[in-house]
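>>> Just a sequence and a predicted model for now, questions to come.
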Number of protein chains: 2
Amino acid sequence: MKLYDLNASPNARRVRIFIAEKAIDIPVQDVDLATGYNKTEDYLTKNILGRMPLLELDDGTCISESHAICRYLEETYPNPPLMGRTPVERAHVEMWNRRMELELLHPLINMFIHSHPMWKDTRTQIPDWADVCQRHAIETLGWLDRSLEGREFIATDDYTVADITAQCSILMGKAVGVRVPETHSNIAEWWGRVTSRPTARA
Amino acid sequence: MKLYDLNASPNARRVRIFIAEKAIDIPVQDVDLATGYNKTEDYLTKNILGRMPLLELDDGTCISESHAICRYLEETYPNPPLMGRTPVERAHVEMWNRRMELELLHPLINMFIHSHPMWKDTRTQIPDWADVCQRHAIETLGWLDRSLEGREFIATDDYTVADITAQCSILMGKAVGVRVPETHSNIAEWWGRVTSRPTARA
């Protein structure tokens, strides 16, 4: 196996933390966007969208999309389980992972793309959309804090991929200036819990 | 089990087609947004986001998010498999389902929300964002057509949830005026194949 990585990407980080939690040793190639390798025919054959992360298996099979990579690794390296232990748990992990991705990570990434100067030449930036996304992310932090009342982790009693996605979202938020308000003590406690794991800096 | 449904929602339709393919008999309650039931404390306890579809199990456990509902049903009613038969197939179904959702269905839903008069009082509409989303969806149709060359279905050799998500996306596209160009013959053939299934109108 080989992982095509993109160090700065919050999605790639999700996969790196997942791999670190599983303690799997996978050779990594960090793709340098400046070389344009991800837009070459060679890479586009692996992933038609030219994005990282991407997991290439020994027979050449390629799996892209962070959550699809995690799903493959969950099946082939089942311990520790990071996607739930029962059908109901697995459904709740899927539900919470999607909530964290669609209601928190994606709005924050959109906020970044539509407001940061580094994207001005490559994307149509819409500042009003950045504002809507910022409000969306802040609203999510509100109901996430309420949902974490009395809970150690987001989706089940164990640390799961939903926590990983939320962790990477909070880091993205710090990068774009959306911080967890001090009043959100449940998120603060959870944050202390997840960032004290040895894998948090993967 | 009981399904809280929203007839007009493309996400709810994904779940309805999935259930029809599995031939499961689940009582359905179609939620009428006009009554505001989905914003009552009773419903928000089931889904803090107040959205449909939602699957309530007999012990009161609630599962929201369309794909999480499908995942639960795939585990509890494994035949016919709609999420792949092997770890690699299941990873590819996850990958393609996400591509169809994030690169096609979501841009089309955003285009609808940001351009249609029915949302003007409830959402901040940004017409420029609707335009970007329209271009995004049209671009996706281009590489989807190339990817379907020589294939019967989107993710594996079988009909899967990735086809269901794509089907619902194409229907959403028709509703907002983004039609598959006539030159995209691979999509046209696939569309004929999936819409001839008895479940297509679920």
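Now that the structure is in, tell me what you want to look at. No experiment lies behind these values; they were computed from the predicted model shown. Residues are numbered from 1 along each chain as shown, chains lettered A, B, ... in the order given.
>>> got the residues of chain A near chain B?
A:48-49, A:57, A:61, A:63-65, A:67-69, A:71-72, A:75-76, A:87-88, A:90-92, A:94-95, A:98-99, A:103, A:124, A:126, A:128-129, A:132, A:143, A:146-147 (Cβ under 8 Å from any Cβ of the partner chain). For glycine as for every other residue, the C-beta is placed from the backbone atoms N, C-alpha and C.
>>> In helices, which of those residues appear?
Those of those mapping onto helices are A:67-69, A:71-72, A:75-76, A:87-88, A:90-92, A:94-95, A:98-99, A:128-129, A:132, A:143, A:146-147, per DSSP state H.
>>> buried subset of those?
A:67-69, A:71-72, A:87-88, A:90-92, A:94-95, A:98-99, A:129, A:132 (16 or more other Cβ atoms under 10 Å in any protein chain shown).
>>> Now for the residues you listed: which two are most distant?
Greatest spatial distance in those: A:87 and A:129, 37.8 Å, computed using Cβ to Cβ.
>>> Who are the contact partners of residue A:22?
A:73, A:77, A:79, A:80, A:82 (Cβ atoms under 8 Å, 6 or more residues apart in numbering or on different chains).
>>> ok, now which ones touch the third one?
Contacts here follow Cβ under 8 Å, 6+ apart; on that basis residue A:79 touches residue A:22.
>>> Can you classify it by secondary structure?
Residue A:79 falls in the coil class when you classify it by DSSP: H, G, I helix; E, B strand; the rest coil.
>>> Distance of it relative to residue A:115?
Residue A:79 sits 41 Å away from residue A:115, taking Cβ to Cβ, to the nearest Å as the criterion.
>>> Kindly report the same for the last one.
Residue A:82 sits 32 Å away from residue A:115 when distances are taken as Cβ to Cβ.
>>> more crowded one of the two?
The residue with more neighbours, out of residue A:82 and residue A:115, is residue A:82; 22 against 19, by other Cβ atoms under 10 Å in any protein chain shown.
>>> Check what pLDDT that one gets.
pLDDT, residue A:82: 98.
>>> so it sits in a helix?
No. Assessed with three-state DSSP, residue A:82 is coil; it does not lie in a helix.
>>> hang on, it packs against residue A:19?
No. The criterion here is Cβ atoms under 8 Å, and residue A:82 misses it with residue A:19 at 10.3 Å.
>>> For residue A:128, list the residues it contacts.
Counting by Cβ under 8 Å, 6+ apart, residue A:128 makes contact with B:124, B:126, B:128, B:129.
>>> Please, which helix or strand holds the closest residue to residue A:182 other than its chain neighbours?
Once flanking residues are discounted, residue A:182 sits nearest to residue A:188: 7.6 Å by Cβ to Cβ, 6 or more residues apart in numbering or on different chains. If you go by DSSP states H and E, residue A:188 is part of helix A:185-195.
>>> again, but for residue A:134
helix A:127-147.
>>> What residues sit buried inside that helix?
Across helix A:127-147, burial judged by 16+ other Cβ under 10 Å covers A:129, A:130, A:132, A:133, A:134, A:136, A:137, A:138, A:140, A:141, A:144, A:145.
>>> Could you tell me how far it lies from the centre of the chain?
Distance of helix A:127-147 from the chain centroid (Cα atoms, centre = their mean, to the nearest Å) equals 17 Å.
>>> what's the very next helix or strand once past that helix packed up against?
With elements assigned by DSSP H and E, the helix or strand that comes after helix A:127-147 is helix A:161-176. On a contact count with 3 or more Cβ pairs under 8 Å, 6 or more residues apart in numbering or on different chains; DSSP states H and E, helix A:161-176 meets helix A:10-22, helix A:66-76, helix A:87-100, helix A:106-115, helix A:127-147, helix A:185-195.
>>> The first one to helix A:87-100, inter-axis angle?
Think helix A:10-22. 150 degrees (axes from the mean of the first three to the mean of the last three Cα atoms, to 10 degrees).
>>> I'd like the C-alpha coordinates of helix A:10-22 written as CSV, please.
What follows is helix A:10-22, C-alpha atoms only, in CSV (Å, rounded to 0.1, in the frame of the first residue of the first chain):
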residue,chain,number,x,y,z
PRO,A,10,-7.6,18.8,6.7
ASN,A,11,-9.1,15.9,4.8
ALA,A,12,-5.6,14.2,4.5
ARG,A,13,-5.1,14.8,8.2
ARG,A,14,-8.3,12.8,9.0
VAL,A,15,-6.8,9.8,7.2
ARG,A,16,-3.4,10.3,8.9
ILE,A,17,-4.9,10.3,12.4
PHE,A,18,-7.0,7.3,11.5
ILE,A,19,-3.9,5.4,10.3
ALA,A,20,-2.0,6.4,13.5
GLU,A,21,-4.9,5.1,15.7
LYS,A,22,-4.8,1.8,13.9
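>>> that's a strand at residue A:55, yeah?
Yes. The assignment for residue A:55 by three-state DSSP puts it in a strand.
>>> What's opposite it in the beta bridge?
Beta-bridge pairing of residue A:55 under DSSP bridges involves residue A:3, residue A:63.
>>> can you tell me how far it sits from residue A:25?
14 Å.
>>> contacting residues for the nearest residue to residue A:39 once chain neighbours are set aside?
Closest residue in space to residue A:39, ignoring its immediate chain neighbours: residue A:50 at 5.2 Å, by Cβ to Cβ, 6+ apart. Shown in contact with residue A:50 (Cβ under 8 Å, 6+ apart): A:38, A:39, A:43, A:44.
>>> Equivalent analysis for residue A:77, please.
A:22, A:24.
>>> And the pLDDT at the closest residue to residue A:147 other than its chain neighbours?
Closest residue to residue A:147 apart from its sequence neighbours, by Cβ to Cβ, 6+ apart: residue B:48 at 6.2 Å. Confidence at residue B:48, expressed as pLDDT, is 96.
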